[in-house]
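Chemist: Show me how the following folds:
(2 chains)
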Amino acid sequence: EAGVAQSPRYKIIEKRQSVAFWCNPISGHATLYWYQQILGQGPKLLIQFQNNGVVDDSQLPKDRFSAERLKGVDSTLKIQPAKLEDSAVYLCASSLGPGLAGGPRTDTQYFGPGTRLTVL
Amino acid sequence: GQSLEQPSEVTAVEGAIVQINCTYQTSGFYGLSWYQQHDGGAPTFLSYNGLDGLEETGRFSSFLSRSDSYGYLLLQELQMKDSASYFCAVSYEGGKLIFGQGTELSVKP
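Modeler: This is a model prediction of the structure:
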């Protein structure tokens, strides 16, 4: 079974430029997550999709970040304009579903290799 | 708010046993997960505790005590390849994960 795919793996841009990241989740996974991981820290959730709907985007800086999952499969995350503090690894993860209390676990998250963004 | 605390670094020798602790301040969560991340790699799921007690998966075990707001990951028979960062994470309804800052484990020969 193929894992979560992300591209590009590396991106270097100057501040105020725009950048987009792409994620293809594991086939059949309804839930997709985007995380930001700053060097030396744990991943921080930016946005969670269930199929093509947004479940949680409370931590997404909406003035500059946007994400979509139009057909409920692939997703893109965009930053416009980028700031120096956006330098981080952007991780995409997917799971079968959201998970329900007392039910079988379907919410184990599988991560892609990430995109390392450097903003100069 | 939600917060998780882990030691930033742990060092151990090959063949030894190491325990990585995780204390948290949160409520209403479903369970505690552990992820491993090698330098430059993707986080990989290791273990999950939905109930109090010990879960064993090969050389790795994880423990949760909700009354003590505490959990740990136990790694036995350490190997050089276990050198990595280890993250505890609390999971909530809908699958949301909140990660700790991570513990960097160095295994020495």
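Chemist: how close does A:Gly42 sit to B:Gly15?
Modeler: For A:Gly42, the distance to B:Gly15 under the criterion CB to CB, to the nearest Å works out to 28 Å. The way it works is simple: take the backbone N, C-alpha and C, and place the C-beta from them, glycine included.
Chemist: who has more neighbours, the two?
Modeler: For A:Gly42 and B:Gly15, the more surrounded residue by other CB atoms under 10 Å in any protein chain shown is A:Gly42, and the numbers stand at 22 against 11.
Chemist: any chance you could read off phi and psi for the more buried one?
Modeler: phi -80, psi 160 (degrees, to the nearest 10).
Chemist: just checking, it touches B:Leu97?
Modeler: No: applying CB atoms under 8 Å as the test, A:Gly42 and B:Leu97 come out as separate, 9.3 Å apart.
Chemist: May I have the helix or strand harbouring A:Tyr35 exported as CSV, CA atoms only?
Modeler: Under the criterion of DSSP states H and E, A:Tyr35 resides in strand A:31-37. Coordinates of each C-alpha in strand A:31-37 appear next as CSV, following Å, rounded to 0.1, in the frame of the first residue of the first chain:
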residue,chain,number,x,y,z
THR,A,31,-9.5,12.4,7.0
LEU,A,32,-6.5,14.6,6.0
TYR,A,33,-4.4,16.8,8.2
TRP,A,34,-1.8,19.5,7.5
TYR,A,35,0.8,20.2,10.2
GLN,A,36,3.5,22.7,10.6
GLN,A,37,6.7,21.5,12.4
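Chemist: one step back: overlap of the contact sets of A:Gly42 and B:Leu97?
Modeler: B:Ala89 (CB atoms under 8 Å, 6 or more residues apart in numbering or on different chains).
Chemist: Which strands and helices lie in contact with the strand holding A:Tyr35?
Modeler: Here strand A:31-37 is seen to pack against strand A:44-50, strand A:75-79, strand A:88-95 when contacts are counted using 3 or more CB pairs under 8 Å, 6 or more residues apart in numbering or on different chains; DSSP states H and E.
Chemist: anything in the second one near chain B?
Modeler: Yep, that's strand A:75-79 we're talking about. No: using CB under 8 Å from any CB of the partner chain as the criterion, no contacts between strand A:75-79 and chain B are found, and the smallest distance is 15.4 Å.
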